[in-house]
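Engineer: Everything below, folded, please.
(one chain, ligands or ions: 2)
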Amino acid sequence: MPKQFHVPPRKFRVYTRRDLDRIPQLGRFSNDELLAMKAVACVLPFRVNDYVCDELIDWDHVPEDPIFQLTFPQPGMLADKDLRHMMDLLRADASEAELQKEARKIQIALNPHPAGQVELNVPRLEGTSLAGMQHKYRETVLFFPSSGQTCHTYCTYCFRWPQFVGLDELKFAAREADQLVAYLREHPEVNSVLFTGGDPMVMKTRVLRRYLEPLLAADLDHLVSIRIGTKAPAYWPQRFTVDDDADDLMRLFEEVHQAGRHLAIMAHYSHPRELDTVTAQAAVERLRTAGATVRCQAPLIKHVNDDAQTWADLWKRQIVLGAVPYYMFVERDTGPKHYFEVPLARAYDIFTTAYRRVSGLGRTVRGPSMSATPGKVLVDGVAEIHGEKVFVLKFLQARDPAWVNRVFFAKYDEKATWLDQLKPALGEKEWWFQPTIRAMKKQGWQPSWGDRSRARKRVTTFGHVEWE
Ligand SMILES: *Cc1c(COP(=O)(O)O)cnc(C)c1O
Ligand code: SF4
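Structural biologist: Ligands and ions are numbered 1, 2, ... in the order given. Prediction:
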């Protein structure tokens, strides 16, 4: 641990809905306000730890405080009638079973699986579905380790909320790391594995080791990078600094680096305050010392970070620490979206204003980007073409790799918040990729690039094997 960081020890303590009365800082709210929080927490996931409560939330400024909005249930997240209904049930001391039954109805109406999360992207191996994986973009496989399906604290806007409220029986649970390795052996087109969840960093080091070691031992010559998507650097930086197994974790990360793989910690930072504490800064420092790259991403969220200076500050703080700004996402079309959503036009303005305030070192960031059914779509500009005002859109990722980096145009719409609300511009009747999407759907979304017999092998100048 570098000298300048004196990281205070802390024991992980977590609060959920039933512990709301025990959070000392909530004493400032009235009984009715507390009841409303409990009502929302019956429907949407709630989990917060003591570090977030004690060091990140500014309690003098609740309820507007951005970290409070990020982590605590807010009455505006439910429709009035749903909120009142749940509050009445709580007042009447309804049973847990009844609360759950009524909450389910509200949950189902909240579009729990946007962009075909569940059914479209599950890969197959020898005829069996691999429930713990998703393979949507050719180069990258998402892997959901079954022991990493919670988080140190839940974000109120999370699109993964169905798996936290018990709506997904499968939880994308991975059987074993062996399945992942077997799949990768069959898929030389994949060069990146992204561990995700929940938060894989809720796993103890010895559990994570069980997933990473087989991957390294398999000596897959096409595997360039291993990524871990996590909010632990923000919500529980102790994981990388003072936790019992933090030192072991750093050794494990060093092993990945020494095995010649790029290890990227895809850190989810929503607000610059998450990088203010000594513990958070020490976490980044240690990760970098262990040979990991820290790349930073987050969605743009009303009430949390819908302001250009917040993003400029966030990116600058990341650069100071040697972390790399990576993505600004548009909030997905699920859950309490009405509460959090920011129109695309405004998102583009916020992004652009913030982007202008950082040097080129911060302009590694891309956004605002929507993870939609056809791919990751960037709002890349607003322009006028022959008198028609348009959004310039661009595929950053796509189901068909040939679409990547292609631009296309939508009619400018000040209010639209998602791709499906946009209309093609310049007289087009439908998007040019729509016929292919229909054909893909008909064929059960089986990608053509899964077929190894069609791939050609090539050894690059630096000794990596590529398939094209
Ligand atoms: C974002 C995403 C990835 C990773 O994309 P990069 O642009 O490589 O960071 C992979 N798979 C899915 C399904 C994604 O949404
Ligand atoms: S840390 Fe990520 S997975 Fe966990 S609640 Fe937040 S957005 Fe969702």
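Engineer: rest of the way, CA atoms for contacts and neighbours
Structural biologist: OK.
Engineer: so how far does stretch 160-177 reach from one end to the other?
Structural biologist: Terminal residues of stretch 160-177 lie 22 Å apart, using CA to CA, to the nearest Å.
Engineer: quick one, helices of the stretch 51-200 of the chain?
Structural biologist: For the stretch 51-200 of the chain, applying DSSP state H, counting those that start in this stretch gives helices covering 66-71, 80-91, 96-108, 161-164, 177-186.
Engineer: For the last one, which helices and strands make contact with it?
Structural biologist: When contacts are defined as 3 or more CA pairs under 8 Å, 6 or more residues apart in numbering; DSSP states H and E, helix 177-186 sits against helix 205-217.
Engineer: which stretches of this protein have low pLDDT?
Structural biologist: Applying pLDDT under 70 to the chain flags residues 1-3, 114-120, 159, 165-175, 448-468.
Engineer: Around ligand 1, pick out the residues from it.
Structural biologist: K136, Y137, T140, L142, S371, Q397 (CA under 6 Å from any ligand atom).
Engineer: I'd like those laid out as JSON lines, including neighbour count.
Structural biologist: Output for those, formatted as JSON lines (neighbours: other CA atoms under 10 Å):
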{"residue": "K136", "neighbour count": "24"}
{"residue": "Y137", "neighbour count": "20"}
{"residue": "T140", "neighbour count": "19"}
{"residue": "L142", "neighbour count": "23"}
{"residue": "S371", "neighbour count": "22"}
{"residue": "Q397", "neighbour count": "24"}
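Engineer: Now intersect those residues with the strands, please.
Structural biologist: Residues of those located in strands (DSSP state E): K136, Y137, T140, L142, S371, Q397.
Engineer: so how far is A292 from V320?
Structural biologist: In this view, V320 and A292 are 16 Å apart by CA to CA.
Engineer: Between the two, which is the more surrounded one?
Structural biologist: Using other CA atoms under 10 Å as the criterion, V320 and A292 rank with A292 on top: 24 against 10.
Engineer: Need phi/psi at that one.
Structural biologist: The phi and psi values for A292, taken as degrees, to the nearest 10, are phi -90, psi 150.
Engineer: tell me the contacts of it?
Structural biologist: A292 makes contact with F253, E254, H257, H262, L263, A264, I265 under the criterion CA atoms under 8 Å, 6 or more residues apart in numbering.
Engineer: Next, the second one: secondary structure please.
Structural biologist: By that I understand E254. Three-state assignment for E254 (DSSP: H, G, I helix; E, B strand; the rest coil): helix.
Engineer: What count of nearby residues applies to it?
Structural biologist: For E254, using other CA under 10 Å, the count is 18.
Engineer: Return the residues of this structure in contact with ligand 2.
Structural biologist: C151, Y154, C155, C158, R160, G197, G198, D199, K231.
Engineer: List the ones among these that fall in strands.
Structural biologist: Residues of the residues of the chain next to ligand 2 located in strands (DSSP E): none.
Engineer: Go through those and name the one nearest G387.
Structural biologist: C158 (39.1 Å; CA to CA).
Engineer: Residue in the stretch 1-150 of the chain with the shortest distance to ligand 2?
Structural biologist: When distances are taken as CA to the nearest ligand atom, the stretch 1-150 of the chain reaches nearest to ligand 2 at T150, 6.6 Å away.
Engineer: what's the answer for the stretch 301-450 of the chain, then?
Structural biologist: For the stretch 301-450 of the chain, CA to the nearest ligand atom, closest residue to ligand 2: E331, 10.3 Å.
Engineer: And the closest residue to that residue other than its chain neighbours, which helix or strand is it part of?
Structural biologist: Leaving aside its chain neighbours, E331 sits nearest to P299 (5.6 Å; criterion: CA to CA, 6 or more residues apart in numbering). Remark: P299 resides in strand 293-300, with elements defined by DSSP states H and E.
Engineer: who does that strand pair up with?
Structural biologist: Using DSSP bridges, strand 293-300 pairs in its sheet with strand 262-268 (parallel), strand 324-330 (parallel).
Engineer: Extract the C-alpha trace of it and format it as CSV.
Structural biologist: C-alpha atoms of strand 293-300 as CSV (Å, rounded to 0.1, in the frame of the first residue of the first chain):
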residue,chain,number,x,y,z
THR,A,293,-6.3,-1.1,-16.2
VAL,A,294,-9.2,0.8,-14.7
ARG,A,295,-11.8,1.8,-17.3
CYS,A,296,-14.8,3.8,-16.2
GLN,A,297,-18.4,3.7,-17.3
ALA,A,298,-21.8,4.7,-16.0
PRO,A,299,-25.3,5.6,-17.2
LEU,A,300,-26.6,9.2,-17.3
